[in-house]
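*Asks:* show me the folded form of this:
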Amino acid sequence: MHIGTTIAESTPSFAEATRPPSGAPNVVIIVLDDVGFAQLGCYGSDIESPAIDKLAETGLRFNRFHVTALCSPTRACVLTGRNHHAVGMGLVPEVPMGFPGYTGRIPPRAGTLARILRDRGYSTFAVGKWHLTPRWEMTASGPFDRWPLGLGFERFYGFLGADTNQWAPELLACDNHLIEPPRSPQAGYHLTDDLADQAIQMVRDQQQTTPTKPFFLYFATGAMHAPHHAPPASIEAYRGRFDDGWDIWRSRVMERQLTAGVVPPGTEPSRRPPWVTAWAELPGEQQRLFAHMMEIYAGFLTHTDSQIGRLLATFENLGILDDTLVFVLSDNGASAEGGPHGSHNENAFAHGIHETAENVLARADELGGFRAYNHYAWGWAWAGNTPFRLWKRYTWLGGTRTPLIAHWPTRITTPGAVRTQFCHAVDLLPTVLDAIPLDPPPVIGGVEQQPFDGVSLLPAIDDLAAPTVHERQYFEMFGSRAIYDHGWKAVTNHVGDQVAAERHLIPGSHEFDTDRWALFHLEDDFAEVHDRSADEPRELRRLIDLWWREAGRNHVLPLDDTMIGRVAVMEPPPHQRPRRSVFRAGTRVAEDAAPSLTGNFRITADLEIPESGANGVLCAQGDWTSGWGLYVLTGRPILAMNHLGIEVRKAVASVPLPSGEITLVVEVERPPSDAATCSFLIGGKPAGTSQLRGPIPFRWQIGGSILRIGYDSGFPVCDDYQPPFPFSGTLNSLTFDAPPPQHDASQQHIDRALRSD
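*Replies:* Next up is the predicted model:
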């Protein structure tokens, strides 16, 4: 560069654009939620998944791929290449704690795959479920360091929490701001359709503008996590397909797995455990109910596969599929969180309330549709993890071994084959870097990087006979512990305290000091069936000692097997909710920044009512599966609280709102008991008092909800109105007066809710 007096006398110099190596592939990682080892067609299921099966036919299936047994921890492993506790994600980010393994925050020293690829010239997109942001940071003001754009993605469209309503998602975000869904449920909206639309548009836009620039797409569906929501036609297609029940279905799956080579010849499946009722012993009405639950799940999975098919068809139409490295995986095994009888409303499960078969039967026609937040009976989770024992949240293979499909036509020379090397979610990032190829950056953003715990799977992709390189891996989830080392695996019989029915029905230890470790040689016992601990005590002792060393190295301690134990030491919010909050019409507030209703509170609305009167929502949060709202109907203010879809409690003003400028006050006094008194004042005059009995949930929606001011969205709190039902008068302001929630008071509500049966 030379700078003269004029441009004509000067020689410019330009910074060289950052570009990946020539021929670098596009990278797509598709993460399914709660899909068991046996639930995809290419892994033995009769559930139709043609798009994913086609990837397997022209790609590879791994049958010894492992995850962490829970969603957020596995996602952290995939995106960082490090073990989940080693990057602060030992549990879920809704419960950030002051221990290194459980902060709920991926640290800067664990740069993500998105950040690495973005810095080396890739376009980076995240679409779908995120669930890697601490609860206090899922608000309109962030901070956004742990939102997707803060961790290396250039674009994001999806939801931030653990799960969401597929018909009317909450905490839906575009890039760094919360948004409303583009259509209503009644207009045909479904989240998976929307996610596919957004991913397709991102890729099309990028390819139109910079077709020579590779991209990384992280596509994480909300499916197949509850709620199981699917279009009626998708469900109807499976009517009667599961009437034979989970025992026969599992046997048929096992036969197909052996025929397809997904499991080794001679594999002995685990037996049906006593806590899963034999299908033949169920009453007929329960058989029909549980079969219908599986019809819904299957319809949901096939519908999800069709959206993945649309995405893959876009790549094919653009002529880029062969140049794209695609991985498909599930974040953990099939979920038993529906309990023995399934659930009409999984929000109830999150609060320790377990629905009976009779309760669910009474509303069976609603399952899969707008009125339900449903989950299937746990017999289907057991069957969905064929040939393994147990399920999500446990470090037995049913929780930690899931499908992994690799598709890369320009590299794979044995399409349709099965790879048998032991591998783990932490291996995907090193594999991608090896495939591009790129060296791991020692420093990102000025921060020295911690080593990867994963290794590249590229040798295994290239060669069936390649040796296993990932020879050692610890596991821990909710106190369930295991370790794998050179073909041997040891696992505890610990039964955690998250699902009451599990604690009561599954034999095992409830104290860490009394845990018994079982020992398996997985090289000749694929399904973890034959306990060798009595025959190999020295090997068992070696593995137990090894687990403790790995636990110390990865910040696994301290252990706890309950959610409530973790909540008790949860990080306090960095910004205390104010005693007074003033909102304007049109405002949206994420649940963890919204006023707390667990104690006494007062709502003051400054209104202008026209001569013709006014109706509509003043504020609403959640929906008819769990939520509350203050609205005006036929001129009268109503405070409604929907208790987990079980009961709607209402307080109604005794007189309508007069025309003109008026102040409405709604005051709720909640004594230590669950009975609350709701009083209305209109223009300073008493306007009725009502009793509102029952608890307030510690969280209105499992995945978080939005408090909306002046309107509602999605589904209503109750049947009195249909969203958006905007307030037809003028809402000048809505003021909440409530003491900031105290830890002990909040804990009392959590204790009461979580311990109730």
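*Asks:* where do the strands sit along the stretch 101-250 of the chain?
*Replies:* For the stretch 101-250 of the chain, applying DSSP state E, counting those that start in this stretch gives strands covering 123-129, 155-159, 172-174, 177-178, 215-220.
*Asks:* which residues outside the shortest one are in contact with it?
*Replies:* Which is strand 177-178. For strand 177-178, contacts defined as CB atoms under 8 Å, 6 or more residues apart in numbering pick out 140, 171-172, 588, 590, 706. Every C-beta, even on glycine, is put in place using the N, C-alpha and C of the backbone.
*Asks:* at 7 Å what do you get?
*Replies:* Contacting residues not belonging to strand 177-178 are listed as 140, 171-172, 588, 590 [CB atoms under 7 Å, 6 or more residues apart in numbering].
*Asks:* as TSV, the strands of the stretch 101-250 of the chain with mean neighbour count, mean pLDDT and distance to residue 578 would be great.
*Replies:* Formatted as TSV, the strands of the stretch 101-250 of the chain follow (neighbours: other CB atoms under 10 Å; pLDDT from 0 to 100; distance: least, CB to CB, whole Å):
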stretch	mean neighbour count	mean pLDDT	distance to residue 578
strand 123-129	26	98	31
strand 155-159	24	98	27
strand 172-174	19	97	24
strand 177-178	14	96	20
strand 215-220	24	98	35
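*Asks:* how about TSV for those strands, with distance to residue 272 added?
*Replies:* Output for the strands of the stretch 101-250 of the chain, formatted as TSV (distance: least, CB to CB, whole Å):
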stretch	distance to residue 272
strand 123-129	32
strand 155-159	36
strand 172-174	40
strand 177-178	45
strand 215-220	32
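*Asks:* the stretch 301-450 of the chain: helices as residue ranges?
*Replies:* For the stretch 301-450 of the chain, the helices defined by DSSP state H, counting those that start in this stretch occupy 346-350, 357-362, 378-384, 397-400, 428-435.
*Asks:* do the stretch 551-700 of the chain as well
*Replies:* Counting by DSSP H, counting those that start in this stretch, the helices of the stretch 551-700 of the chain are 563-568.
*Asks:* also the stretch 151-300 of the chain?
*Replies:* 191-209, 232-236, 245-260, 284-317.
*Asks:* could I get the helices of the stretch 301-450 of the chain as a markdown table with distance to residue 319 and mean pLDDT?
*Replies:* As requested, the helices of the stretch 301-450 of the chain are exported to a markdown table (distance: least, CB to CB, whole Å; pLDDT from 0 to 100):
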| stretch | distance to residue 319 | mean pLDDT |
| --- | --- | --- |
| helix 346-350 | 42 | 84 |
| helix 357-362 | 49 | 93 |
| helix 378-384 | 36 | 98 |
| helix 397-400 | 38 | 98 |
| helix 428-435 | 20 | 98 |
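*Asks:* now for those, which one comes closest to residue 293?
*Replies:* helix 378-384 (6.8 Å; CB to CB).
*Asks:* hmm, who's touching the closest one?
*Replies:* 36, 38-39, 246, 249-250, 276-277, 290, 293-294, 297, 334-336, 338-340, 391.
*Asks:* give the residue spans of the stretch 651-757 of the chain that score low on pLDDT.
*Replies:* 673-674, 740-757 (pLDDT under 70).
*Asks:* what does the chain give?
*Replies:* 673-674, 740-757.
*Asks:* relative to residue 690, which of the helices of the stretch 301-450 of the chain is closest?
*Replies:* helix 346-350 (24.4 Å).
*Asks:* which residues make contact with that closest one from outside it?
*Replies:* 226-227, 337, 339, 343, 355, 373, 375, 625-626, 644, 701-702.
*Asks:* for it, C-alpha coordinates in CSV please.
*Replies:* What follows is helix 346-350, C-alpha atoms only, in CSV (Å, rounded to 0.1, in the frame of the first residue of the first chain):
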residue,chain,number,x,y,z
GLU,A,346,-47.4,-32.5,30.3
ASN,A,347,-47.4,-29.2,32.2
ALA,A,348,-49.0,-31.2,35.0
PHE,A,349,-46.1,-33.7,35.0
ALA,A,350,-43.7,-30.7,35.5
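*Asks:* that one: how far from the chain's middle?
*Replies:* 14 Å (CA atoms, centre = their mean, to the nearest Å).
*Asks:* measure the residue nearest to residue 519 when sequence neighbours are not counted to residue 515 for me?
*Replies:* If the residues on either side of it in the chain are set aside, residue 519 comes closest to residue 533, at 4.1 Å by CB to CB, 6 or more residues apart in numbering. For residue 533, the distance to residue 515 equals 12 Å [CB to CB, to the nearest Å].
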